[in-house]
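Q: The sequence isn't on hand, but the structure is:
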């Protein structure tokens, strides 16, 4: 499977935000994150970086 | 492999921007996109959405 883990960068630390992420959607000031299992979370952040080969997404908290 | 194709949303149309994308990096006003082959492009855009299961990333041109 090609899902990735999403981490939230907060105060310089990467905290695991959601595993097995399928969909990311930038809705302006917030990001909607959805896992392959249908779990959804919304976070006030921006997409900072990702590596699909490393299965890693980094979101940065908006202050 | 878990790479995805990146499309650039421009005037309401999705144009293929890069195939086999590995890394996306938000550098502020521009996005750095890198393929699994090491090809790199920089575009004045934001990451609009992605679905890893569908292997699809949509970038939106900044005007």
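A: Alright, I've got the coordinates. Just so you know, these numbers come straight off a predicted model, no measurement behind them.
Q: For chain A, just list every one of the strands.
A: A:4-10, A:13-26, A:31-35, A:40-43, A:45-51, A:56-61 (DSSP state E).
Q: and the fourth one, which strands flank it?
A: Looking at strand A:40-43 with DSSP bridges, its partner strands are strand A:31-35 (antiparallel).
Q: Where does the prediction get shaky in chain A?
A: The model of chain A has pLDDT under 70 over residues A:1.
Q: Without its sequence neighbours, what residue ends up closest to the closest residue to chain B within it?
A: In chain A, the residue found nearest to chain B is residue A:2; the distance is 3.9 Å by C-beta to the nearest C-beta. In this view, the C-beta of every residue, glycine as well, is placed from N, C-alpha and C. Counting by C-beta to C-beta, 6 or more residues apart in numbering or on different chains, residue B:2 is the residue found nearest to residue A:2 once chain neighbours are left out, at 3.9 Å.
Q: Tell me who's in contact with that neighbour.
A: By C-beta atoms under 8 Å, 6 or more residues apart in numbering or on different chains, residue B:2 lies in contact with A:2, A:4, A:52, A:53, A:55, B:52, B:55.
Q: Now distance to residue B:28 too, for those, in a markdown table please.
A: Formatted as a markdown table, the contacts of residue B:2 follow (distance: C-beta to C-beta, whole Å):
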| residue | distance to residue B:28 |
| --- | --- |
| A:2 | 28 |
| A:4 | 23 |
| A:52 | 22 |
| A:53 | 24 |
| A:55 | 25 |
| B:52 | 24 |
| B:55 | 26 |
